[in-house]
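**Student:** this one's structure only:
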């Protein structure tokens, strides 16, 4: 799943729904006003998916209620979806739906889901979108992985002490180096790592800390932080040792 926890309130729910759709590559707006044949109407989340042709429009209603959503809400939302010409309507409910609500959604383009079912619909696309946001960071880090290429080769200059220091940095950021576009689909370095994912993070000081990731959002955030730290350390390494085009 993308997030393992439930949203804290109605605003958090609609914000997270919007975030999921944005990471998937859509143009998403929270609390959006639309013009219909019956006048203006407000929807919790509006999203335009222009990555496909023809483009698609999503409308989402977020019900962080303590009771199940009744059928009259579904009927009203179906009308909004039809009047706006949206392609897909989704109602995300914290407390489920009354039996009549499912009947009201039959043979329509409205889907009734809970928070975790909503995530499942977009999970694979979200992972690719989130990877796309981090791809350049992983590529930049991977540039320092190759001993025979500048800037690392020039900085090491054949010295064992520098080689050992470089290898020590690499050992702490191996997962993030392997997340580059060329290595992410190969065997044990496949990215993102399967969940749940356990890591023992080693800091620059040598201190260790264990993490267990149960959802994709926290796993990607951790990899982003570690790749950023690794890139900073590699750049510092080069800044300290590289003396010119030939190094030494």
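**Tutor:** Happy to help now that I have it. This structure is a prediction, so every number in the text was calculated from the model and none was measured.
**Student:** tell me the helix or strand right after the longest helix anywhere in the chain.
**Tutor:** The single longest helix within the chain, with elements called by DSSP state H, is helix 115-142. Next in sequence after helix 115-142, counting helices and strands by DSSP states H and E, comes helix 152-156.
**Student:** rounded mean pLDDT for that following helix, please.
**Tutor:** Mean pLDDT, helix 152-156: 90.
**Student:** can you list contacts of the helix or strand following it?
**Tutor:** Downstream of helix 152-156, the next assigned helix or strand under DSSP H and E is helix 160-172. With C-beta atoms under 8 Å, 6 or more residues apart in numbering as the test, helix 160-172 has contacts from 145, 147, 152, 155-156, 177, 202, 204, 230, 233-234, 237, 241. Using the backbone N, CA and C atoms, a C-beta is placed for each residue, glycine as well.
**Student:** and stretch 120-136, by the same measure?
**Tutor:** So stretch 120-136 is contacted by 1-2, 20-21, 23-25, 90, 111, 113, 119, 179, 181, 184, 191-192, 216, 220, 223-224, 227 (C-beta under 8 Å, 6+ apart).
**Student:** try it again with 6 Å
**Tutor:** With contacts defined as C-beta atoms under 6 Å, 6 or more residues apart in numbering, stretch 120-136 is touched by 2, 20, 23, 24, 25, 220, 224.
**Student:** cool, and stretch 24-32?
**Tutor:** Stretch 24-32 is contacted from outside by 14, 18, 21-22, 43, 45-49, 51, 122, 125-126, 129, using C-beta under 6 Å, 6+ apart.
**Student:** out of those residues, which one has the lowest pLDDT?
**Tutor:** Going through the contacts of stretch 24-32 one by one, the lowest pLDDT turns up at residue 51, 92.
**Student:** surely that one forms part of a helix?
**Tutor:** No. Residue 51: not assigned to a helix; according to DSSP: H, G, I helix; E, B strand; the rest coil it is coil.
**Student:** number of nearby residues for the residue lying closest to it once chain neighbours are set aside?
**Tutor:** Nearest residue to residue 51, sequence neighbours excluded (C-beta to C-beta, 6 or more residues apart in numbering): residue 25, at 4.7 Å. For residue 25, the number of neighbouring residues by other C-beta atoms under 10 Å comes to 17.
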